[in-house]
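S.K.: What follows is a predicted structure for the sequence shown.
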Amino acid sequence: MPVLPWTRLADPEPGRDYVVLASRLPLRRYRNIPAFLHASRAVRAQLAATKGVLGYSLDAKPIAKTFWTLSAWEDEETLRRFSQADPHWSQITDIRPYMLASTFVQWTVAGSELPPKWTDARRRVAASWA
């Protein structure tokens, strides 16, 4: 399954710093994939309506039962508010029993470096396991 291309929701200011979040979300079983995809649709709709998100991408690896997200935010507060709001909060609560341990990595980049690169995000996630 190909990477969902970067969806740009706002234009970054080249000299300003932004927060980037990468996540690795492994599922327990193949039968959990439809529930995860359903949840991700609701979360993507929330992303599109959220002020302060610059863009996002999703990389689905269904054979590996693993999904990756990559997003850019104006600041940590905007990211925190999004993650604690519905539908994100309720969808995550619903699918958490289907998940193995997830990995989240956050860093800061200049607006001129957006969108972030998947190779950098995967490297940072892998480094967090070491």
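M.R.: Thanks, I have the structure now. Numbers count the residues shown, from 1 in each chain.
S.K.: Quickly list what the closest residue to W107 other than its chain neighbours is bridged to.
M.R.: Take W107 and drop its neighbours on the chain: the residue closest to it by C-beta to C-beta, 6 or more residues apart in numbering is V20, 5.5 Å away. Bear in mind the C-beta positions are built from the backbone N, C-alpha and C, glycine included. Here V20 sits in beta bridges with A72, W107, going by DSSP bridges.
S.K.: So V20 is in contact with T69, correct?
M.R.: No. Assessed by C-beta atoms under 8 Å, V20 is found out of contact with T69, at 10.8 Å.
S.K.: pLDDT score assigned to the residue nearest to W107?
M.R.: Note for V20: predicted pLDDT of 98.
S.K.: Could you give the number of residues near it?
M.R.: By other C-beta atoms under 10 Å, 23 other residues sit near V20.
S.K.: Which helix runs longest in this protein?
M.R.: helix 33-48 (DSSP state H).
S.K.: in it, what's buried?
M.R.: For helix 33-48, burial by neighbour count (16 or more other C-beta atoms under 10 Å) applies to F36, A39, S40, V43, Q46, L47.
S.K.: Kindly report the same for stretch 22-29.
M.R.: A22, S23, R24, L25, P26, L27.
S.K.: between the residues you listed, which is nearest P116?
M.R.: A22 (7.6 Å; C-beta to C-beta).
S.K.: give me every residue that touches the closest one.
M.R.: W68, T69, L70, F104, V105, Q106, P116, A121, R122, R124, V125 (C-beta atoms under 8 Å, 6 or more residues apart in numbering).
S.K.: How much space separates the closest residue in space to L27 that isn't next to it in sequence from R44?
M.R.: Of all residues not flanking L27 in the chain, K65 sits nearest, at 4.3 Å (C-beta to C-beta, 6+ apart). Distance from K65 to R44, counting by C-beta to C-beta, to the nearest Å: 20 Å.
S.K.: Grab the most central residue of the chain for me.
M.R.: T69 (3.1 Å; C-alpha atoms, centre = their mean).
S.K.: Appreciated, that's everything.
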